[in-house]
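> Need coordinates for the below:
(one chain, ligands or ions: 2)
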Amino acid sequence: MKLLIKNGRVVDPSQNLDAVQDVLLENGKVKEIAKKITVKADEEIDATGLVVAPGLIDLHTHLREPGQEAKEDIEHGTMAAAAGGITTVACMPNTTPVIDNAVLVTGVKERAAAKGYVHVEVIGAITKGEAGKELAEMGDMAASGALAFSDDGHYVQSSRMFINAARYVGAFKKILISHSLDPELAADGYMHEGAVSARIGVPGIPAVAEDIAVARDCLVAEYTGAHIHIAHVASKGAVDIIRRAKARGVNVTAEATVHHLTLTDEACATYDTATRVSPPLRSADHVAAVREGLKDGTLDFIVTDHAPHAAEEKDVEFRKAPCGFCGLETSLGVILTELYQKKLFTINEIIAKMSCEPAHIFALKSGNLKVGAPADVTIIDLNKEWTVDKSKFYTLNNATPFEGKQCKGKAVATIVAGKLVMRDGVVCKR
Ligand code: DOR
Ligand code: ZN
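Ligands and ions are numbered 1, 2, ... in the order given. Predicted coordinates:
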């Protein structure tokens, strides 16, 4: 199978490439990149005026299998990824049961191979049942292909447990991903603590709940030498702590979500449950710090934290709603609109943060268009104007704080392992 992408602006920061080129994909790999390729392909795509990028990678997705298929499933979650221009997702283990053993890792991989539209990496739990009491068999899960380990949704509150986990995975060079939020400090709050929470009368979660947790995690990385990755950084204190840890050579990396980069706690003032998320949307000073951290490399890449819940769970009063909302179908459009069109980030920086960097840090073969790399490609129209319409989403549950947002920039084709999985917003049949 040969797929030829003609005349696109190929942007691949991993090889400092930004030039109009043809790209030939053959048998699931990048075969050739050159000024002009004249080969008879099975399929040709005219990418004149479009950006051709290494496939986008989202290392923080909740696909909710096994056991929570009322919220999301592998089929619809990966269709949503394809629709959003994302070619690889890594799914979190806070499922029912929790993905905390090798059998479940293998099971999710097999389901993904049977039902998925994009590549699925599996993140295993750090502790059994994400209960924080006993280490999970991370060695076994690593041997079965788990990408990394996380108790996402929960902070591993016991420092002793977390240090043991770091030593354990450090021995085989895997990464711990921390949901860094002190649960005691966060327990009585429903949104960011600040002027907006005071005004609308909703108890707040202080930013220091995140700062304290991130500081502990950085100290554990420093003490053990293990690689700790901080999920969804949302507070200016956390950005500062990570920046200083990196400066002294600590083995820590971090991510920012689309929503923490682009929304403030003002969004919660409508009491729309689609704005409830953990960590919470914060005030503008925190958003500015997260953007600054992303710009200067303190925060390494962008994720969605796609975390749908069933409509009946979200359709309740603000305080009762679970945290999380879908994000795979809005991430690129929102980031291009808010960071690229407003000239805060170049397209090269954005591709690096949404593809090259996550691949590089988590040692994936994708995230680049070098000859021989996996044929995962996202084709982007930087000028396409569109409005977020959740009724058109592929995800099973479409609550989103971005409903009605006017965007500029969208993925117009998604190619996974050399096969078109999305064209002009429509996901192709498997
Ligand atoms: O808002 C969130 N929802 N944050 C998390 O860390 C977990 C996620 C979920 O699983 O729903
Ligand atoms: Zn989390």
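> separation between the closest residue to ligand 1 within the stretch 301-430 of the chain and A245?
Proximity of the stretch 301-430 of the chain to ligand 1 (CB to the nearest ligand atom) peaks at G324, 3.0 Å away. (Each C-beta comes from the backbone N, C-alpha and C, glycine too.) Distance of G324 to A245, given as CB to CB, to the nearest Å: 27 Å.
> Now do the contacts for K133.
Contacts for K133 (CB atoms under 8 Å, 6 or more residues apart in numbering) come out as 127, 161.
> Which positions in this structure make contact with ligand 1?
Proximity of the chain to ligand 1, by CB under 6 Å from any ligand atom, involves residues 62, 94, 152-153, 179, 277-278, 305, 307, 323-324.
> quick one: which of those is most hemmed in?
D305 (28 neighbours; other CB atoms under 10 Å).
> isn't it right up against G327?
Yes. Under the criterion of CB atoms under 8 Å, D305 makes contact with G327 at 6.2 Å.
> For those two, list the residues in contact with both.
In contact with both D305 and G327: 257, 259, using CB under 8 Å, 6+ apart.
> excluding its backbone neighbours, what's nearest whatever residue of the chain ends up closest to ligand 2?
Of all residues in the chain, H179 sits closest to ligand 2, with a separation of 3.6 Å (CB to the ion). Closest residue to H179 apart from its sequence neighbours, by CB to CB, 6 or more residues apart in numbering: D152 at 4.8 Å.
> so what does whatever helix or strand I350 lives in touch, helix or strand wise?
Using DSSP states H and E, I350 sits in helix 347-351. Helix 347-351 sits against strand 2-12, strand 51-54, with contacts defined as 3 or more CB pairs under 8 Å, 6 or more residues apart in numbering; DSSP states H and E.
> If we use 10 Å, what do you get?
The contact analysis (3 or more CB pairs under 10 Å, 6 or more residues apart in numbering; DSSP states H and E) places helix 347-351 against strand 2-12, strand 17-26, strand 51-54, helix 284-296, strand 377-387.
> Quickly compare those and say which is most buried.
Ranked by mean neighbour count, the helices and strands packed on helix 347-351 are led by strand 51-54 with a mean of 27 (mean count of other CB atoms under 10 Å).
> picking that back up, helix or strand right after the helix holding I350?
helix 357-361.
> Show me where the stretch 251-400 of the chain has its strands.
252-257, 301-303, 377-387 (DSSP state E, counting those that start in this stretch).
> quick one: the longest one to chain centroid distance?
Centroid displacement of strand 377-387 relative to its chain, using CA atoms, centre = their mean, to the nearest Å, is 19 Å.
> same thing with the first one?
Between the mean C-alpha point of strand 252-257 and the mean C-alpha point of its chain there is a distance of 10 Å (CA atoms, centre = their mean).
> ok, and the closest non-adjacent residue to A207?
Using CB to CB, 6+ apart, the closest residue to A207 is S235 (4.1 Å).
> meant to ask about L339
Using CB to CB, 6+ apart and skipping the chain neighbours, the partner closest in space to L339 is F345 (4.3 Å).
> returning to what we had before: kindly reformat the helices and strands packed on helix 347-351 as TSV and extend each row with mean pLDDT and distance to ligand 2.
Compiled in TSV, these are given as follows (pLDDT from 0 to 100; distance: least, CB to the ion, whole Å):
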stretch	mean pLDDT	distance to ligand 2
strand 2-12	98	30
strand 17-26	98	34
strand 51-54	99	26
helix 284-296	98	15
strand 377-387	98	25
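> Tell me the residues on the stretch 201-350 of the chain that lie near ligand 2, please.
By the rule CB under 5 Å from the ion, the part of the stretch 201-350 of the chain lying against ligand 2 is A231.
> Contacts only, for V103.
Going by CB atoms under 10 Å, 6 or more residues apart in numbering, V103 touches 140-141, 144.
> From these, keep the buried residues only.
Using 16 or more other CB atoms under 10 Å as the burial test, the contacts of V103 include 141, 144 as buried.
> ok, V426 - how many residues close by?
What V426 shows, counting by other CB under 10 Å, is a neighbour count of 10.
> quick revisit: quick one, what contacts the residue of the chain closest to ligand 2?
60, 92, 94, 126, 130, 150-156, 213, 217, 230-232, 278-279, 305.
> so what pLDDT did T414 get?
The per-residue pLDDT reported for T414 equals 98.
> what about it, which helix or strand?
Here T414 is assigned to strand 406-416, by DSSP H and E.
> Can you show me the strands along the stretch 1-150 of the chain?
Under DSSP E, counting those that start in this stretch, the stretch 1-150 of the chain gives strands at 2-12, 17-26, 29-34, 43-46, 51-54, 56-61, 86-91, 119-124, 148-150.
> picking up where we left off before, do you know which of the helices and strands packed on helix 347-351 lies nearest E69?
Across these, E69 has its closest neighbour in strand 377-387 (27.4 Å, CB to CB).
> Roughly how far does the closest residue in space to G409 that isn't next to it in sequence sit from K353?
Nearest residue to G409, sequence neighbours excluded (CB to CB, 6+ apart): L336, at 2.9 Å. L336 sits 12 Å away from K353, taking CB to CB as the criterion.
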